[in-house]
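A.B. asks: Quick one, what's the 3D model for this:
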Amino acid sequence: MAMIDDLQSLKEEGVAAIFSSSSLKELEEKRVALLGKKGRLTEAIKSLGALDPKERPKFGKVTNEIKDLFEGEIAKKRGELEAADIKRRFEEEAVDISLPGRKPATGRAHLISQVIDEISEIFIGLGYFIAEGPEVETEYHNFDALNTPKDHPARSLMDTLYMEKEGLLLRTHTSTVQIRTMKKYSPPLYMISYGRVYRRDVSDPSHSPMFHQIEGLVVDRGITFGDLKGTLEVVAKKLFGDFGRVRLRPHFFPFTEPSAEVDVACIICRGSGCRVCGGSGWLEILGAGMVDPNVLNEVGYDSEKLSGFAFGMGVERIAMLKYGVSDIRYFFENDTRFLKQF
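C.D. replies: From the prediction side, this is the model:
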């Protein structure tokens with residue numbers, strides 16, 4: 001039978017084609033060519049109806065045998081190719097575990113953030129809570145409520161960055177949060193606030209138009225100037241160690257009375273006098289004072305029964321003193337050579 005002979009030829013050619021496949025893609029193409037809807041064996045099976053009824057059983061048996069053979073050979077070849085592909089990938093993607101590891105580059109908190117966290121932890125340990133407020137503020141919260149008169153120099157365009165909308169500005173200190181917090185909570189009040197503040201300063205080694213402040217406020221019955229000094233002494237020792245002695249000098253702030261500038265013993269010379277401290281043995285770190293009664297009355301507190309103290313410090317100033325940074329601009333230049341040191 002000619003058709004049986006053709007099937008035998010198809011069988012030999014198909015097995016050889018399957019065996020010679022070098023990739024899974026090529027094997028799939030040959031499967032389709034042999035067993036697909038228009039494949040050679042499928043077309044041969046379709047011709048079964050044209051045969052003599054006596055020849056059909058034998059022809060059908062042979063085509064089924066060839067189909068089973070092709071499917072078996074294809075499955076076998078697929079297994080071989082998949083195993084070879086896995087082996088190849090293992091070889092190409094192998095990692096030599098005997099080599100020293102590569103330490104991934106990891107980030108860290110910016111020095112300013114580190115100092116803020118350190119100071120915050122000190123005050124949290126003393127029982128203070130952290131309050132927050134907006135950076136775009138009203139003149140009322142930034143000046144009026146803090147007993148700063150209309151003719152005060154700080155309110156001029158030379159010191160303050162005003163917004164286009166009348167009455168709004170970029171806060172010049174975080175004391176605005178103290179007003180908002182006192183209006184929200186009743187005493188006793190022990191709080192700190194921190195964040196960015198803005199002033200019309202020309203950038204130089206010790207000034208920046210944007211910097212960070214931390215301010216604190218205490219309002220309670222019987223609070224004295226001694227409580228303020230004792231608190232600042234604790235904070236100074238926590239920040240600068242056993243040599244963190246403080247000195248208070250009379251000063252003026254509109255929102256505190258009496259007011260003081262606070263110095264800490266020079267951390268370079270330990271108070272003996274050097275070039276950094278100008279030979280005085282002291283370095284200024286913050287301003288503080290007793291809350292002015294006008295401020296307490298403005299927020300609805302009874303200044304006859306309550307008293308309190310407030311203080312504010314520049315975070316960059318503390319960081320420069322504590323870590324020996326000579327230029328405030330280093331904090332904002334994003335130079336990794338500087339940042340990696342801390």
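
A.B. asks: Tell me how many other residues surround Phe255.
C.D. replies: Using other C-beta atoms under 10 Å, Phe255 is surrounded by 22 other residues. (Each C-beta comes from the backbone N, C-alpha and C, glycine too.)

A.B. asks: roughly how far apart are it and Ile179?
C.D. replies: 9 Å (C-beta to C-beta, to the nearest Å).

A.B. asks: Next: Arg88.
C.D. replies: Taken as C-beta to C-beta, the span from Arg88 to Ile179 is 71 Å.

A.B. asks: Look at the two and report which has more neighbours.
C.D. replies: Legend: neighbour count by other C-beta under 10 Å for Arg88 and Ile179, higher for Ile179 (23 against 10).

A.B. asks: And the pLDDT at that one?
C.D. replies: On pLDDT, Ile179 comes in at 95.

A.B. asks: quick one, what contacts it?
C.D. replies: 141, 145-146, 295, 298-299 (C-beta atoms under 8 Å, 6 or more residues apart in numbering).

A.B. asks: These: which two are farthest apart?
C.D. replies: His141 and Val295 (11.7 Å; C-beta to C-beta).

A.B. asks: okay, the nearest residue to Gly39 once chain neighbours are set aside: pLDDT?
C.D. replies: Nearest residue to Gly39, sequence neighbours excluded (C-beta to C-beta, 6 or more residues apart in numbering): Ala33, at 5.7 Å. If you check Ala33, the pLDDT there is 82.

A.B. asks: Quickly find the element holding Ala33.
C.D. replies: Element membership for Ala33, per DSSP states H and E: helix 24-35.

A.B. asks: Please identify the buried residues of that helix?
C.D. replies: Across helix 24-35, burial judged by 16 or more other C-beta atoms under 10 Å covers 27, 30-31, 34-35.

A.B. asks: before we move on, what about stretch 65-74?
C.D. replies: 66-67, 70, 73-74.

A.B. asks: Can you show me the strands along the chain?
C.D. replies: All strands of the chain, identified by DSSP state E, fall at 129-131, 136-138, 168-170, 189-198, 210-220, 246-253, 256-265, 282-291, 307-314.

A.B. asks: I'd like the C-alpha coordinates of the fifth one written as PDB, please.
C.D. replies: This means strand 210-220. The C-alpha trace of strand 210-220 is given here as PDB (Å, rounded to 0.1, in the frame of the first residue of the first chain):
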ATOM      1  CA  MET A 210      16.000  78.700  56.200                       C
ATOM      2  CA  PHE A 211      17.100  76.800  59.300                       C
ATOM      3  CA  HIS A 212      15.600  74.600  62.100                       C
ATOM      4  CA  GLN A 213      14.400  75.500  65.600                       C
ATOM      5  CA  ILE A 214      13.400  73.700  68.700                       C
ATOM      6  CA  GLU A 215      11.300  75.600  71.200                       C
ATOM      7  CA  GLY A 216       9.900  74.600  74.500                       C
ATOM      8  CA  LEU A 217       7.100  75.900  76.700                       C
ATOM      9  CA  VAL A 218       6.000  75.100  80.300                       C
ATOM     10  CA  VAL A 219       2.900  76.600  81.900                       C
ATOM     11  CA  ASP A 220       1.800  75.500  85.300                       C
END
